[in-house]
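Novice: predicted model and sequence below, questions to follow.
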Amino acid sequence: MTIDRAVMAFAGSMVLVSLVLSQIMNPYWLWLAVFVGLNLLQSAFTGFCPLAIILRRMGLRPGAAFP
């Protein structure tokens with residue numbers, strides 16, 4: 001698995017978790033989905049993603065988006 005795929009999988013999981021928690025617990029959990037979406041958007045333009053840095057240090061192979 002490359003860093004790119006791991007970032008997408010993690011972001012998608014966080015959005016789904018946020019949606020489930022907003023239905024079960026409190027609607028304020030939707031702010032997690034907003035945060036994840038904004039982070040994905042800014043990383044698309046800047047190339048900076050904190051999760052990608054962590055995954056690189058863990059030894060995952062770089063991909064096209066996060067070399």
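Specialist: Right, received. Where do you want to start? Numbers count the residues shown, from 1 in each chain.

Novice: longest helix in this protein, by residue count?
Specialist: helix 3-24 (DSSP state H).

Novice: and that one, how far out from the chain middle?
Specialist: Averaged C-alpha coordinates place helix 3-24 at 7 Å from its chain's average position (C-alpha atoms, centre = their mean, to the nearest Å).

Novice: ditto for stretch 8-26
Specialist: Distance, centroid of stretch 8-26 to centroid of chain: 11 Å (C-alpha atoms, centre = their mean).

Novice: give me the helices and strands touching the helix or strand following the longest helix of the chain, please.
Specialist: Using DSSP states H and E, the helix or strand that follows helix 3-24 in sequence is helix 30-46. If you count contacts as 3 or more C-beta pairs under 8 Å, 6 or more residues apart in numbering; DSSP states H and E, helix 30-46 packs onto helix 3-24. In short, each C-beta sits where N, CA and C put it, glycine included.

Novice: mind saving the C-alpha coords of the helix it packs on as PDB?
Specialist: Provided in PDB are the C-alpha atoms of helix 3-24 (Å, rounded to 0.1, in the frame of the first residue of the first chain):
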ATOM      1  CA  ILE A   3       1.000   6.600   1.200                       C
ATOM      2  CA  ASP A   4      -1.600   8.000  -1.200                       C
ATOM      3  CA  ARG A   5      -3.900   5.000  -0.800                       C
ATOM      4  CA  ALA A   6      -3.400   5.000   3.000                       C
ATOM      5  CA  VAL A   7      -4.300   8.700   3.200                       C
ATOM      6  CA  MET A   8      -7.400   8.200   1.200                       C
ATOM      7  CA  ALA A   9      -8.500   5.100   3.200                       C
ATOM      8  CA  PHE A  10      -7.900   6.900   6.500                       C
ATOM      9  CA  ALA A  11      -9.700  10.100   5.400                       C
ATOM     10  CA  GLY A  12     -12.700   8.000   4.100                       C
ATOM     11  CA  SER A  13     -12.800   6.100   7.300                       C
ATOM     12  CA  MET A  14     -12.800   9.200   9.400                       C
ATOM     13  CA  VAL A  15     -15.600  10.700   7.400                       C
ATOM     14  CA  LEU A  16     -17.700   7.600   7.800                       C
ATOM     15  CA  VAL A  17     -16.900   7.400  11.500                       C
ATOM     16  CA  SER A  18     -17.900  11.100  11.800                       C
ATOM     17  CA  LEU A  19     -21.200  10.500  10.100                       C
ATOM     18  CA  VAL A  20     -22.000   7.500  12.300                       C
ATOM     19  CA  LEU A  21     -21.100   9.300  15.500                       C
ATOM     20  CA  SER A  22     -23.200  12.300  14.500                       C
ATOM     21  CA  GLN A  23     -26.200  10.100  14.300                       C
ATOM     22  CA  ILE A  24     -25.500   8.100  17.400                       C
END
